[in-house]
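Colleague: What follows is a predicted protein model with its sequence.
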Amino acid sequence: MSGATIDNGGAQAPLSTSQAADLSEVRDWIALLKPRVMTLVVFTGIVGMVVAPDAIHPVLGVAAILCIAIAAGAAGAINMWYDRDIDALMRRTARRPIPSGRIAPSSALGFGLTLSVASVTVMGLATNWVAAAWLAFSIAFYVVVYTMWLKRRTPQNIVIGGAAGAFPPVIGWAAATGEVTLLPLILFAIIFMWTPPHFWALSLWAHGDYARAKVPMLPVTAGARETRRQILFYTAALLPVTLAPWFVGFSGLPYAAVAATLGAVFLFHAIRILREPQDEAGRSLANDAAARATFRYSLWYLFALFLALAIDRLAL
């Protein structure tokens, strides 16, 4: 008998071995969708829809958000299928369902392709085919351009491939309006510029994994010191981009104040990374504490920034 339990009128009844195995398999299929990554993807898609000038019917809006979530998960599943060889070499990913042998690669591929087609089709039928086209392009970009082409070939993989995660607000806007104008492209640019410092902060303390798997992340090819400089450069370049909604008159001063404050804190974190005690090669002597803190902050930063824009826009 498994140690897992179910609630039976207040009493805790043990799950059978088969029930526990079924739940474990469900968790593995969910893990293929990269649910933690999906959270920010869905949220930025919602903001793109909410700030659009045309209101969308709530039912159709929920359908559109589900399509964005499923498409993101589908791309994640295909990514795991393709990267199963390098995932097996990295401690951070070795326990994923495919390299650990819990899900067959062909099954994961079929799962991802089926969800991709379903999400794009439903998006087109529920909202419009402009949004569906952008959704299809986002899947193709992540799978083909980033995963299959850039990731294993160039240290610029995150810079260019960052576009893959920047599409959701464009898709959300298109679902509501049927078109793509300047503002959703500005939202795209914000996420595009945010991705390198966010991911390079992670890669500083996970560089051993990438070196083992021979993935040419910037810390592996250019060293930790240059990566620290690039994090600071991109963080500084991100600041004016986040103020663009205010510059073009789409948002008010409250959003600009929040964006400037959040950006100043992000810049402070990037400076801490640059000044963290290092050896001659630029490797941290403090267990990459600054990089870890920056990575965590960058997640909250993007959430808070987009939330501020949504609140500011709805208050206008």
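Modeller: Everything's here; your move.

Colleague: mind checking how far the residue lying closest to residue 199 once chain neighbours are set aside is from residue 81?
Modeller: Of all residues not flanking residue 199 in the chain, residue 158 sits nearest, at 4.7 Å (C-beta to C-beta, 6 or more residues apart in numbering). For every residue, glycine as well, the C-beta is placed using N, CA and C. Distance of residue 158 to residue 81, computed by C-beta to C-beta, to the nearest Å: 21 Å.

Colleague: try residue 188
Modeller: For residue 188 relative to residue 81 (C-beta to C-beta), the value is 27 Å.

Colleague: Buried by neighbour count: which residues of stretch 54-70 qualify?
Modeller: Neighbour-count burial for stretch 54-70, counted by 16 or more other C-beta atoms under 10 Å, picks out 56, 61, 63-65, 67-70.

Colleague: Please work out the average pLDDT along that stretch.
Modeller: Averaging pLDDT along stretch 54-70 gives 95.

Colleague: just stretch 171-188 next, same as before
Modeller: pLDDT averaged over stretch 171-188 gives 97.

Colleague: tell me which residues of that stretch are tucked away?
Modeller: 171-177, 180, 183-188.

Colleague: what two of those residues are the furthest from one another?
Modeller: Farthest pair in those (C-beta to C-beta) is 175 and 186. Separation: 17.6 Å.

Colleague: residue ranges with poor pLDDT in the stretch 1-150 of the chain?
Modeller: 1-22 (pLDDT under 70).

Colleague: hey, where'd the helices end up in it?
Modeller: Ranges of helices in the stretch 1-150 of the chain, per DSSP state H, counting those that start in this stretch, are 17-32, 35-50, 58-82, 84-87, 105-126, 129-140.

Colleague: Distance to residue 152 added to the ones you listed, as JSON lines?
Modeller: Output for these, formatted as JSON lines (distance: least, C-beta to C-beta, whole Å):
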{"stretch": "helix 17-32", "distance to residue 152": "21"}
{"stretch": "helix 35-50", "distance to residue 152": "19"}
{"stretch": "helix 58-82", "distance to residue 152": "10"}
{"stretch": "helix 84-87", "distance to residue 152": "8"}
{"stretch": "helix 105-126", "distance to residue 152": "17"}
{"stretch": "helix 129-140", "distance to residue 152": "18"}
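
Colleague: Compare these and give me the one nearest residue 209.
Modeller: That would be helix 84-87 among the helices of the stretch 1-150 of the chain, by C-beta to C-beta, at 9.0 Å.

Colleague: The closest one: which residues count as buried?
Modeller: Buried-residue list, helix 84-87, by 16+ other C-beta under 10 Å: 84, 86-87.

Colleague: For the stretch 201-316 of the chain, which residues score under the pLDDT cut-off?
Modeller: Using pLDDT under 70, the flagged stretches of the stretch 201-316 of the chain are 316.

Colleague: what's residue 83 in contact with, if anything?
Modeller: Residues in contact with residue 83 (C-beta atoms under 8 Å, 6 or more residues apart in numbering) are 93, 147, 151.

Colleague: tell me how far the longest helix anywhere in the chain is from the chain's mean position?
Modeller: Longest helix in the chain by number of residues (criterion: DSSP state H): helix 289-315. Distance of helix 289-315 from the chain centroid (C-alpha atoms, centre = their mean, to the nearest Å) equals 13 Å.

Colleague: if we can go back for a sec, so what pLDDT did the residue nearest to residue 199 get?
Modeller: Looking at residue 158, its pLDDT reads 89.

Colleague: which residues does it contact?
Modeller: 195-196, 199-200, 203, 217-218.

Colleague: From residue 178, how far off is it?
Modeller: Distance from residue 158 to residue 178, by C-beta to C-beta: 32 Å.

Colleague: Repeat that for residue 137.
Modeller: Noted for residue 137: a distance of 16 Å to residue 178, by C-beta to C-beta.

Colleague: now do residue 108
Modeller: Taking C-beta to C-beta, one finds residue 108 at 34 Å from residue 178.

Colleague: go on, residue 128?
Modeller: 5 Å.
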